[in-house]
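**Q** have a look at this fold, sequence not included:
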C-alpha cells in the first residue's frame, strides 16, 4: 500500500513547481562527459528549469551515475530530438528565442541578452562547441566575459553561470513569484511528482 504523502512534502513540491520556468530551457548538444551532464541537470533543477532538450547525433548520451544524477533527473524532464530540424521546430513552436554558446566575433556578452523572453540556450560539446548547423539556425550567439588567461569554462560551469543570469533577470522581473502553469496543470504535475 503506497505511503500517504506528508503535508510538508506536498507543500515543498508545490513550492518548487510554483517556481518552475517552463519557457526557459537548455539544449545539450552531444555533451559526452557524464559528470558534466549530471551537473547541468542539477543546475537546471536549482534554477527552476523544468525541461532539458537532448540533441545527440554523433555521440551517445552518457551513462549517468545513480548517486550523482538520479535525484536531479527525477525532477527535470528530458526531451530527445532526432535532428536539428525537429529540435528547432519544437523550440520555435514554443515561441523560444534560440541562443547558442559561442566564441565567434558575432557573439554578444551574456548580460546583453533578455532572458525574460522564452529562451532556449544550446550548450555545445566539450571539445568542438556548438555544431555549425545549430549555430546557423540559432537567433544569436552568446559568450560569458572572462578576464583570465584561460578563455573557456567547463560546460557545466558555463551552464550554471548562464542559468544564474537568466534567474537574476527573471527574479528581478517577478517571474518566480507566481506559477507559470495553469491551476489544473499545476495540480496534475503535483500528483505526478507525489508518486516519485
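**A** Arrived safely. Treat the numbers as computed from the prediction; the structure is a model and nothing was measured. Numbers count the residues shown, from 1 in each chain.

**Q** for beta bridges, what are the partners of the residue nearest the centre of the chain?
**A** For the chain, the residue sitting closest to the mean C-alpha position, by C-alpha atoms, centre = their mean, is residue 26 at 3.2 Å. For residue 26, the residues forming beta bridges with it (DSSP bridges) are residue 52, residue 121.

**Q** ok, it - contacts?
**A** By C-beta atoms under 8 Å, 6 or more residues apart in numbering, residue 26 lies in contact with 40, 44, 49, 52-53, 120-123, 159, 163. For glycine as for every other residue, the C-beta is placed from the backbone atoms N, C-alpha and C.

**Q** pull up the gap between it and residue 172, please.
**A** Distance, residue 26 to residue 172, by C-beta to C-beta, to the nearest Å: 21 Å.

**Q** repeat for residue 139
**A** According to C-beta to C-beta, residue 139 and residue 172 sit 22 Å apart.

**Q** who has more neighbours out of the two?
**A** A direct count of neighbours by other C-beta atoms under 10 Å for residue 139 and residue 172 places residue 139 higher, at 15 against 10.

**Q** can you mark which positions in the lengthiest helix in the chain are buried?
**A** Longest helix in the chain, counting residues (DSSP state H): helix 155-172. Across helix 155-172, burial judged by 16 or more other C-beta atoms under 10 Å covers 155-156, 158-160, 162-163, 165-167, 169-170.
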